[in-house]
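> have a look; sequence and predicted model below, questions after that.
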Amino acid sequence: MGALPGWRELPRGAAILEPGSSVRYKTSSWRVLKPVIDQERCIRCRICWTYCPEPAIHEIDKPYTAKSGRTYRVTYEIDYDYCKGCGICAEECPVKAITMVEEVR
Amino acid sequence: MSTLTIATLPKDELLAPGHRMCQGCGAAIVMRHLLKALGKDIIIAHATGCVEVTTTLYPETAWRVPWIHVAFENAAAVASGIEAAVKALKRKGFINPDKKIKVVAIGGDGGTADIGLQALSGMLERGHDVLYVLYDNEAYMNTGIQRSGATPMYAWTTTTPAGKVWRGEWRRKKDMISIAVAHKIPYAATVNFAYITDFYAKIRKAAEIEGPTFIHAFSPCVPGWRYEPHLTVKIAKLAVQTGIWVNYEVEKGVFRVTTPVPKRLPVEEYLKLQGRFAHLTREEIERVQRMVDEDVDYINKLAGTTVIGPVERK
């Protein structure tokens, strides 16, 4: 870590002026198991997105056509920078489209 | 509001990732959806506690709304002051008087049921236009799982250990909603994120009502309740299905259960997933079951009808 700023350089009252700046801290190293979404099985019910505590599941406006021919408007993708690997998404997925696999680093 | 479903939950994330709440933290889910339900035009006064410590590691913050950290005991007092200041600034023309700004106080069970109780009582009594949210993980988790006034009967904590003589907590959980309602406030409700649309409906209702309102949120804690992190939502759902947690609201004195449970599961289903209850004997589990039965009877009496049904054994 470089030289820390002196108290005169800090904002008054040590206020944090940048909202949501915690995004600079990546929590991926906490992970032991990693969730993987099977886009074919996923029915886009949004439950994994709803119950992610981070949030580390993005709802992306990216259409996806499954082999069955069904087209979905959105795609759910896991943000591996922040996912801590709790496994709530895999546990709650009603169609078991998310599996927890061992994290290899 | 009645059309709200999981598909129509707001997309905006007002809680940023990178916070240090635990793997599978229940409070993190509470905070994320609390912010989604309330939207951007809020000011939060946050008591010391798990969420405060883990979301604001200087010089970073996970909050994307105005937020102030206050001491353990005075979230409600600071929120009262902010509300009065907003009122004055509107009167003096510094803020557009038509702009809706909701002041929100957040505290854990330690910061609400124990340490911040008198500040909360004062806020409710004075009638400030503040929404107070209690996220209840049933002990002082951040400092190392010490019991609080909200710790349930028989729960193991580091200050109520389980051995031959002590069997975990030996006192009953404090009924915070009744304490809040005793102040004759316009609205108080319990919420559980496993029933997410009910969660949103109540928080939005509480925010829209002018005057002091109180929300008591169920908030499972992975290390403190000693369960595997993927079980957070399952445990939250079981709490309602076994009747140990009841989703209800008290609006202008009118009591209403919002999640009826026609057939309850045995409370053991809830207890057996958690290490904090692992020491319980069959007899003690039966005692907890009887306690839940009594509480359910009381709830049904208040509701005037059987909204929470009898236990159905498999």
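Sure, I can see it. Numbers count the residues shown, from 1 in each chain, chains lettered A, B, ... in the order given.
> isn't there a strand covering B:A119?
No: B:A119 is assigned helix when assessed by DSSP: H, G, I helix; E, B strand; the rest coil, not a strand.
> OK, contacts around it?
Neighbour list for B:A119: B:73-77 [criterion: CB atoms under 8 Å, 6 or more residues apart in numbering or on different chains]. C-betas here are computed from N, CA, C, even on glycine.
> most neighbours out of these, which is it?
For the contacts of B:A119, the largest number of neighbours (other CB atoms under 10 Å in any protein chain shown) sits with B:A75, at 35 neighbours.
> returning to that earlier point: reformat the contacts of B:A119 as CSV; add secondary structure.
Formatted as CSV, these follow (three-state DSSP):
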residue, secondary structure
B:E73, coil
B:N74, coil
B:A75, helix
B:A76, helix
B:A77, helix
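> in chain A, which residue is most central in space?
Most central in chain A under CA atoms, centre = their mean is A:A56, positioned 1.4 Å from the mean C-alpha point.
> got the contact list for it?
Contact analysis of A:A56 by CB under 8 Å, 6+ apart lists A:78-84, B:17.
> helix/strand/coil for B:M21?
State at B:M21, reduced to three classes by three-state DSSP: coil.
> that one and A:P55 touch, don't they?
No: between B:M21 and A:P55 there is no contact under CB atoms under 8 Å: 11.5 Å.
> can you map out the strands along the stretch 1-150 of chain B?
Using DSSP state E, counting those that start in this stretch, the strands of the stretch 1-150 of chain B run over residues B:42-46, B:67-69, B:102-108, B:130-136.
> repeat for chain A
Applying DSSP state E to chain A gives strands spanning A:33-37, A:57-60, A:64-65, A:71-72, A:75-78, A:98-102.
> what residues sit buried inside the first one?
Spelled out, it's strand A:33-37. Neighbour-count burial for strand A:33-37, counted by 16 or more other CB atoms under 10 Å in any protein chain shown, picks out A:33-35, A:37.
> touching, B:G275 and B:E228? I think so.
No: B:G275 is beyond contact range of B:E228, at 9.6 Å (criterion: CB under 8 Å).
> in terms of neighbours, single out the busier of the two.
Using other CB under 10 Å as the criterion, B:G275 and B:E228 rank with B:E228 on top: 16 against 13.
> which bits of the stretch 1-150 of chain B sit near chain A?
Listed as neighbours of chain A in the stretch 1-150 of chain B under the rule CB under 8 Å from any CB of the partner chain: B:6-7, B:9, B:11, B:13, B:15-26, B:28-29, B:32-33, B:55-65.
> quick one: B:V307 from chain A, how far?
Here B:V307 is placed at a distance of 26 Å from chain A (CB to the nearest CB, to the nearest Å).
> flag the shaky bits of the stretch 151-300 of chain B, pLDDT-wise.
In the predicted model, the stretch 151-300 of chain B carries no residue with pLDDT under 70.
> for residue 3, give me the pLDDT.
Unless you meant another one, I'm taking chain A. If you check A:A3, the pLDDT there is 83.
> um, chain B though
79.
> now the residue of the stretch 201-314 of chain B found nearest chain A. Nearest residue, chain neighbours left out?
In the stretch 201-314 of chain B, the residue that lies nearest chain A is B:H230 (3.3 Å; CB to the nearest CB). Computed as CB to CB, 6 or more residues apart in numbering or on different chains, the closest residue to B:H230 that is not its neighbour in sequence is A:G87, at 3.3 Å.
> surely that neighbour is in contact with A:L33?
Yes: counting by CB under 8 Å, A:G87 does reach A:L33; the two are 6.2 Å apart.
> what sits in contact with each of these two?
Listed as contacting both A:G87 and A:L33 by CB under 8 Å, 6+ apart are A:M100.
> now the helices for the chain?
In the absence of a named chain, chain A is used. Using DSSP state H, the helices of chain A run over A:47-51, A:88-92.
> actually it's chain B I care about, not the one you picked
Under DSSP H, chain B gives helices at B:26-38, B:50-55, B:75-91, B:109, B:117-126, B:176-181, B:196-208, B:222-225, B:232-241, B:268-271, B:282-303.
> between those, which gets nearest to A:C93?
Comparing the helices of chain B by their distance to A:C93 (CB to CB), the top pick is helix B:232-241, with 11.0 Å.
> any regions of chain A where pLDDT drops low?
Using pLDDT under 70, chain A drops low at A:1.
> and stretch B:37-44, end to end?
Stretch B:37-44 has an end-to-end distance of 14 Å (criterion: CA to CA, to the nearest Å).
> how far off centre is that stretch?
How far stretch B:37-44 lies from its chain's middle: 17 Å, per CA atoms, centre = their mean, to the nearest Å.
> same check, this time on stretch B:223-241
That offset, for stretch B:223-241, works out to 15 Å (CA atoms, centre = their mean).
> same deal with stretch B:104-124?
The answer for stretch B:104-124 is 12 Å, by CA atoms, centre = their mean.
> who does the spatially most central residue of chain B bridge with?
Nearest to the geometric centre of chain B sits B:A217, at 2.0 Å (CA atoms, centre = their mean). Beta-bridge pairing for B:A217 (DSSP bridges): B:Y135, B:V191.
> tell me who's in contact with it.
Applying CB under 8 Å, 6+ apart to B:A217 gives the contacts B:30, B:34, B:133-136, B:190-193, B:199.
> again, only this time at 10 Å
Counting by CB atoms under 10 Å, 6 or more residues apart in numbering or on different chains, B:A217 makes contact with B:26-27, B:29-31, B:33-34, B:106, B:133-137, B:189-193, B:199, B:202-203.
> in stretch B:187-207, what's buried?
For stretch B:187-207, the neighbour count (16+ other CB under 10 Å) marks B:187-203, B:205-207 as buried.
> just how off-centre is that stretch within its chain?
Worked out by CA atoms, centre = their mean, stretch B:187-207 lies 10 Å from the chain centre.
> what is the end-to-end distance of it?
Per CA to CA, the first residue of stretch B:187-207 is 10 Å away from its last.
> also stretch B:99-113?
End-to-end span of stretch B:99-113 (CA to CA): 32 Å.
> stretch B:65-79 too?
Chord length of stretch B:65-79, first to last residue, is 15 Å (CA to CA).
> and stretch A:22-38 with chain B, contact?
Yes: Stretch A:22-38 is in contact with chain B by CB under 10 Å from any CB of the partner chain, via A:22-27, A:30-33, A:35.
> list only those of those flagged as buried.
A:22, A:25, A:27, A:31, A:33, A:35.
> is it possible to get TSV of these that adds distance to B:L271?
TSV is the format used below for those (distance: CB to CB, whole Å):
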residue	distance to B:L271
A:S22	35
A:Y25	36
A:T27	31
A:R31	29
A:L33	26
A:P35	28
